[in-house]
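Trainee: Any chance you can model this:
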Amino acid sequence: MQARMDELRDRLARTPAEVVIANHAYAVFELAALHLSLQPPQLDQARLAIDALGALVDGLGSRLGEHASELSSGLGQLRMAFVQISGAQRASGSGEAEPAAPGE
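Mentor: So this is what the prediction gives:
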C-alpha cells in the first residue's frame, strides 16, 4: 500500500501544477452544471460552485496554461445559464427571493 502511495505521489509531483489545478476546475464546473440541471435547480449550491470556479479562473488567468481559455469560456456559460435559470424560476413563481448572480 505504501509503495502505491509513493508511486501516486511521484506521479503527482511530475505533473505540472496548472494541469492538476485545471482538472480540479473542470470538476467544479461539472458540480455547478449538476446543481443547475437538477429539478428544481439548486441555485445556492450552483452559485457557490460558480464563484469557486471564478476564483480559480479569474484569479489565475493565463497561469492555467492551455486550459485558461476553455475554463474562462465555460465559466461564462455557467454564469449565463445561472441568470437564465434563476430568471425562469422567478417568472414561473417557483423561485424564492431573487438570488444574487454568481460573483456578487
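
Trainee: Could you pull out the strands in this protein for me?
Mentor: Assigned by DSSP state E, the chain shows no strands.

Trainee: Point me to the residue sitting closest to the centre of it.
Mentor: Centrality entry for the chain: nearest residue to the mean C-alpha point is Phe29, 3.0 Å, by CA atoms, centre = their mean.

Trainee: Apart from its chain neighbours, what residue comes closest to it?
Mentor: The shortest distance from Phe29 to any non-neighbouring residue, by CB to CB, 6 or more residues apart in numbering, is to Gly74 (5.2 Å). For every residue, glycine as well, the C-beta is placed using N, CA and C.

Trainee: For the residue nearest to the centre of the chain, give its distance to Leu53.
Mentor: Distance check for Phe29 against Leu53: by CB to CB, to the nearest Å, it reads 6 Å.

Trainee: before we move on, the earlier item: who's in contact with the residue nearest to the centre of the chain?
Mentor: Counting by CB atoms under 8 Å, 6 or more residues apart in numbering, Phe29 touches Ala49, Leu53, Leu71, Gly74, Leu75, Leu78.

Trainee: Give me the distance between the second one and Val28.
Mentor: Just to be clear, that refers to Leu53. Counting by CB to CB - Leu53 and Val28 are separated by 5 Å.

Trainee: The fifth one now?
Mentor: In this structure, Leu75 and Val28 are separated by 10 Å, where distance is defined by CB to CB.

Trainee: what do those two both touch?
Mentor: Counting by CB under 8 Å, 6+ apart, the residues touching both Leu75 and Val28 are Leu53.

Trainee: circling back to that earlier point, anything in contact with each of Phe29 and Leu53?
Mentor: Leu71, Gly74, Leu75, Leu78.

Trainee: Let me have these in JSON lines, extended by neighbour count, distance to Gln84 and pLDDT.
Mentor: Converted to JSON lines, the shared contacts of Phe29 and Leu53 look like this (neighbours: other CB atoms under 10 Å; distance: CB to CB, whole Å; pLDDT from 0 to 100):
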{"residue": "Leu71", "neighbour count": "22", "distance to Gln84": "20", "pLDDT": "98"}
{"residue": "Gly74", "neighbour count": "20", "distance to Gln84": "16", "pLDDT": "98"}
{"residue": "Leu75", "neighbour count": "22", "distance to Gln84": "15", "pLDDT": "98"}
{"residue": "Leu78", "neighbour count": "22", "distance to Gln84": "11", "pLDDT": "98"}
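
Trainee: Lovely, talk soon.
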